[in-house]
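Engineer: from the sequence below, what's the structure:
(chains A, B and C)
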Amino acid sequence: MNTLRQHLAELERLPVTTYGTDFLLTWDKTDVEIRALALVSECLARMHAEGKPFRVFDSGLAVSIFRDNSTRTRFSFASAANALGLSVADLDEGKSQIAHGETVRETANMISFLAEAIGIRDDMYLGEGNRYMKEVAAAVDEGYREGVLHQRPAVVNLQCDIDHPTQSMADLVHLKDYFGSLENLAGKKIAMTWAYSPSYGKPLSVPQGIIGLMTRFGMQVSLAHPEGYNLIPEVVGLARTASAKSGGRFEVVSSMEEAFRGADVVYPKSWAPYSVMQRRTPLLRRRDSEGLKALEKECLANNAKHKDWECDEAKMKLTKDGKALYMHCLPADITGVSCPQGEVSRDVFDKYRLATYREAGWKPFVIAAMIYLARVKNPVETLKKLTCPAS
Amino acid sequence: MNTLRQHLAELERLPVTTYGTDFLLTWDKTDVEIRALALVSECLARMHAEGKPFRVFDSGLAVSIFRDNSTRTRFSFASAANALGLSVADLDEGKSQIAHGETVRETANMISFLAEAIGIRDDMYLGEGNRYMKEVAAAVDEGYREGVLHQRPAVVNLQCDIDHPTQSMADLVHLKDYFGSLENLAGKKIAMTWAYSPSYGKPLSVPQGIIGLMTRFGMQVSLAHPEGYNLIPEVVGLARTASAKSGGRFEVVSSMEEAFRGADVVYPKSWAPYSVMQRRTPLLRRRDSEGLKALEKECLANNAKHKDWECDEAKMKLTKDGKALYMHCLPADITGVSCPQGEVSRDVFDKYRLATYREAGWKPFVIAAMIYLARVKNPVETLKKLTCPAS
Amino acid sequence: MNTLRQHLAELERLPVTTYGTDFLLTWDKTDVEIRALALVSECLARMHAEGKPFRVFDSGLAVSIFRDNSTRTRFSFASAANALGLSVADLDEGKSQIAHGETVRETANMISFLAEAIGIRDDMYLGEGNRYMKEVAAAVDEGYREGVLHQRPAVVNLQCDIDHPTQSMADLVHLKDYFGSLENLAGKKIAMTWAYSPSYGKPLSVPQGIIGLMTRFGMQVSLAHPEGYNLIPEVVGLARTASAKSGGRFEVVSSMEEAFRGADVVYPKSWAPYSVMQRRTPLLRRRDSEGLKALEKECLANNAKHKDWECDEAKMKLTKDGKALYMHCLPADITGVSCPQGEVSRDVFDKYRLATYREAGWKPFVIAAMIYLARVKNPVETLKKLTCPAS
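Structural biologist: Here you go, the predicted model:
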């Protein structure tokens, strides 16, 4: 890992103007903003390791809204909030509610009188999660503009139907750390591939987040999935565009083996097909449990045709020198451990287990950096003061 | 808004002796105490707007006990606790429990070893909520006196069966802010009226809190409801007495129109009749779900006879210059928005929407001020130090 | 109570090397460690009473994992965390889950990136609770060693299937406070006896914790229960050994009267027989609700044969001068108060009610001391600085 001083020197050369912004989609952010976020995440992690506090708030709430289950992200958010000096207040509305209009607008303001950040996970309904986050952001915009709120809390996407930026940014910093720099990512091949899992309905946001972000750094992104397991076409489109712009490569292939061949990094992970998510959303909305059961049965039967989509030693041998970095957002479905047949074989997982823990370890600092950059007026100066309190 | 310096100067002239007290009912408090609370609330809000922290506790718990659902009050309490330097610890006993005697006494002490404040919402059972709060207060009194507790936490009523002082005080500060001073409230007409809602069982504490408090400042309080939708007679009685003493006026009328006529402020809000609440309490107690369903059906049918009790543009035209301030504790049942037919028409609500948000915005500071005044020995001096750390 | 200065002087003479340890079982700890823990608990309680903060952490999480209901321990843990400067983050996995292997290992690391302490209650399954705690401890050991975690959080047993060290240590400090010193405990007789309760399935950890700890200080420990209401034989064995080593006495008798005779302290409390717990564990595991109901019925019928195992005035007369100290971990089943017939008569409980509250009052400080001793490198020096900031 680079030293704190070097990170800060690099950060000082970036024209960072993120104060007052939200973090909803990585592709809404400029390359400078992504670079700055990575650097601040690394600084905060380094500071934590060295026992240097970065408590920039005297008080204030970090509101969390989890409209789907979460353990890892919940703890990452709580950790980030705590380290910054904020207290978590959870808005528990019941998992499956869909709200719009005045209800969202009013609630967003009612929870924000002393809030500095609002973290939202809303990934179950296609077309809803990101839209809800934008509604909350617009509501606190109005509240701040109209003097209802004394400060404008930053909205942070903790996973929506489209993107999972705290995950993909943690993954990017993990890759940066592994390969030494963002520049070193250029030309490296990453295989983002579907993998078999005996469950259904896993969100599209992780693979979408990965192809949307990694294509921007000149990586050779190979997206692989069985026929019919498509992602949202618009996201695939923007990955393609980003890739062309960054001088990387983007391909969609139909076998795990093809994607793994020569790969420097592999990311095998299950997801539900876009078309299934499209059918699932109206069923969820009208709480049609019979329809949901039938859809689940159909999908699991479909999944079962692709049990060979497992990341095992044989497939790992196809990667660059047989030594690609294995990545996962956790928890992985490990064959013979968490399920009879899953996304990854036991021996492969065991080899990379601690690496995946380290990958996850960036998330609290990425979330802290997102809030930090959105809420601290002079982020670079403030970091310098925090690291060298004497000077 | 008045400046911080002026608020403090005014506060210094008041003989504030609230240390060690609870806040259960506004009518238990002297006019001086109510004035001091309003001033401290305004100071804390001003300080927050100016980025001046008022973290008076180094550590300590703010215990919350919510025996009924709450989002707004929960966040207001969490915000107040956080700004004062306390951590919220929620006692989650299940919503509908009724406890007395040793259970309450013991639990109150067990949660209070490091507690500085206990906020309680208990508004479902007539005759129970306020009584429970008094039991908790007596238990921590004994605990402190007998050396079980090192400090005596302040008990704050976050809504009971009788009063909703954090709401009515927020409303009072909102009116003070709107009209410029408490003195300016004298002679102003406020219409506290029932309104139609397609729900039943809403507590009486908001309208009772309003008539119990606003009658003390010389306001002309007009309480309006359909026949049979009475409030608790004792509370109506004390509003009448307070009104006579303050030189205001208090009347009970039977049409929204009559109450609105010439009003400076209107507060249209649904509630369940006192007689229904009386019948509902034993049903709730013995968990008679059949009986509760039957009562609900009967009440909704009754409510439906009064759909014309809606605050619409036509009725607003009857108010002073057609421009009365509309108030609501939120969320309002808005016709065509949150329900087909409700308490207020869409156009009226939209016009005052931001004003109701600002009204709600006082609540965190009112709760903080309640805890502050009950737990800080030299509240005025301490505020002065907090606002001018240099001097 | 001894003065802070005296406590510190005594503490300075102890060779305390608890940094980096967990607190899982009192019998894993040396006498020096137990003495140091008692002294630090007393210091922290004294400091709290004198308004001296002991906030040793700038930030950090105190993770709680409650796999069984808890109010008192939950608040004690929250209070301890708060006073030390930590924020509680609760891992809510559902009460009755049993997890092992990779799931535990991964989760333990995912929640620990910014954690300083992990408090666990897991007391329902014989053979599981303590084992789970050890797995968590091993996981964070590995995480810290391998650089996944920047710090190694301390694991604290908040009640397992074997021991309840935060309770037994609070009880020990209570006895130390009552009798003046740990030395004064030598020769005192404590009756740890079963008592009737109209419930079943109460854990064995309280009586086991008491006999395992009090036998170490030369006390005459008399364990009494009806035939068949045995504790785990291994724990009874180690109590016997500890007793022999400390020069005390340990006996198992079969009547409350016999245990009470000449006792200085009585601790009458219900528990489920070891053999019942053994039968219950597999039923719970396979969620056999019919089997559980049948077992409950059988046990309650068995319990009902021993309704005379009630701590009443007549039995209290048998104790030393009729004035033994009554102890209970609360809540007690009080005859005529919380149940028709219970562990203790109303008049006996009323006499000692405040004493049991004071007993419980040590728990937040015991938990704080456990975390403090495990996470602060120079615990004695740091305490001295905290108490005399000027010097």
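
Engineer: ok, for residue A:170, nearest residue in space, not its chain neighbours?
Structural biologist: Using C-beta to C-beta, 6 or more residues apart in numbering or on different chains and skipping residues adjacent in sequence, the residue nearest residue A:170 is residue A:362, 3.9 Å away. Bear in mind the C-beta positions are built from the backbone N, C-alpha and C, glycine included.

Engineer: can you get me a residue count around that neighbour?
Structural biologist: Neighbour count of residue A:362, defined by other C-beta atoms under 10 Å in any protein chain shown: 27.

Engineer: same question, residue A:6
Structural biologist: Here the count is done by other C-beta under 10 Å, and residue A:6 has 12 residues near it.

Engineer: so it is in which element?
Structural biologist: Assigned by DSSP states H and E, residue A:6 falls within helix A:4-12.

Engineer: re earlier: and the residue nearest to residue A:170, what does it touch?
Structural biologist: A:41, A:45, A:169, A:170, A:171, A:173, A:174, A:177 (C-beta atoms under 8 Å, 6 or more residues apart in numbering or on different chains).

Engineer: any of those residues buried? List them.
Structural biologist: Taking 16 or more other C-beta atoms under 10 Å in any protein chain shown as the criterion, what is buried in the contacts of residue A:362 is A:41, A:45, A:169, A:170, A:171, A:173, A:174, A:177.

Engineer: could you measure from the residue of the stretch 201-350 of chain A found nearest chain B over to residue A:134?
Structural biologist: Closest to chain B within the stretch 201-350 of chain A is residue A:285: 18.3 Å, counting by C-beta to the nearest C-beta. Counting by C-beta to C-beta, to the nearest Å, the separation of residue A:285 from residue A:134 is 19 Å.

Engineer: who's more crowded, those two?
Structural biologist: The residue with more neighbours, out of residue A:285 and residue A:134, is residue A:134; 15 against 12, by other C-beta under 10 Å.

Engineer: so the residue of the stretch 201-350 of chain A closest to chain B touches residue A:126, yeah?
Structural biologist: No. If you go by C-beta atoms under 8 Å, residue A:285 and residue A:126 don't touch, sitting 10.5 Å apart.

Engineer: mind checking what secondary structure residue A:231 has?
Structural biologist: Of the three states, residue A:231 takes coil under DSSP: H, G, I helix; E, B strand; the rest coil.

Engineer: correct me if wrong: it contacts residue A:206.
Structural biologist: No. Contact criterion C-beta under 8 Å: residue A:231 and residue A:206 do not qualify, at 10.3 Å.

Engineer: what does the stretch 1-150 of chain A put close to chain C?
Structural biologist: Within the stretch 1-150 of chain A, the positions lying close to chain C (C-beta under 8 Å from any C-beta of the partner chain) are A:48-49, A:53, A:55, A:71-72, A:74-76, A:78-79, A:82-83, A:85, A:87-88.

Engineer: quick one, what contacts residue A:26?
Structural biologist: Listed by C-beta under 8 Å, 6+ apart, the contact set of residue A:26 reads A:34, A:163, A:165, A:168, A:169, A:209, A:212, A:213.

Engineer: so among these, which ones count as buried?
Structural biologist: Neighbour-count burial (16+ other C-beta under 10 Å) applied to these gives A:34, A:163, A:165, A:168, A:169, A:209, A:212, A:213.

Engineer: give me the element the residue in the stretch 101-250 of chain A that chain C sits nearest to is part of.
Structural biologist: Nearest residue of the stretch 101-250 of chain A to chain C: residue A:170, at 11.1 Å (C-beta to the nearest C-beta). Using DSSP H and E, residue A:170 sits within helix A:165-179.

Engineer: hmm, who's touching the following helix or strand past that helix?
Structural biologist: Under the assignment DSSP H and E, the closest C-terminal helix or strand after helix A:165-179 is strand A:189-193. Contacts to strand A:189-193, defined as C-beta under 8 Å, 6+ apart, come from residues A:175, A:207, A:210-211, A:214, A:219-225, A:256, A:259-260, A:262-269, A:309, A:311, A:319-320, A:324.

Engineer: what strands line up against strand A:189-193, and which way round?
Structural biologist: Strand A:189-193 has the following strand partners under DSSP bridges: strand A:220-224 (parallel), strand A:265-268 (parallel).

Engineer: dump those strands into a markdown table; add mean pLDDT and mean neighbour count as well.
Structural biologist: Output for these, formatted as a markdown table (pLDDT from 0 to 100; neighbours: other C-beta atoms under 10 Å in any protein chain shown):
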| stretch | mean pLDDT | mean neighbour count |
| --- | --- | --- |
| strand A:220-224 | 98 | 25 |
| strand A:265-268 | 98 | 28 |
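
Engineer: can you read off the pLDDT for residue A:71?
Structural biologist: pLDDT recorded at residue A:71 is 88.

Engineer: I misspoke; the intended subject was residue A:3.
Structural biologist: pLDDT, residue A:3: 84.

Engineer: same question for the one 3 residues further on.
Structural biologist: Predicted confidence (pLDDT) for residue A:6: 93.

Engineer: distance from stretch A:299-316 to the middle of the chain?
Structural biologist: Computed by C-alpha atoms, centre = their mean, to the nearest Å, the chain-centroid distance of stretch A:299-316 equals 24 Å.

Engineer: need the residue closest to the centroid of chain A.
Structural biologist: Central residue of chain A (C-alpha atoms, centre = their mean): residue A:167, 2.5 Å from the mean position.

Engineer: gap between it and residue A:123?
Structural biologist: For residue A:167, the distance to residue A:123 equals 11 Å [C-beta to C-beta].

Engineer: give me the number of residues near the residue lying closest to residue A:73 once chain neighbours are set aside?
Structural biologist: Leaving aside its chain neighbours, residue A:73 sits nearest to residue A:158 (5.1 Å; criterion: C-beta to C-beta, 6+ apart). Using other C-beta under 10 Å, residue A:158 is surrounded by 29 other residues.
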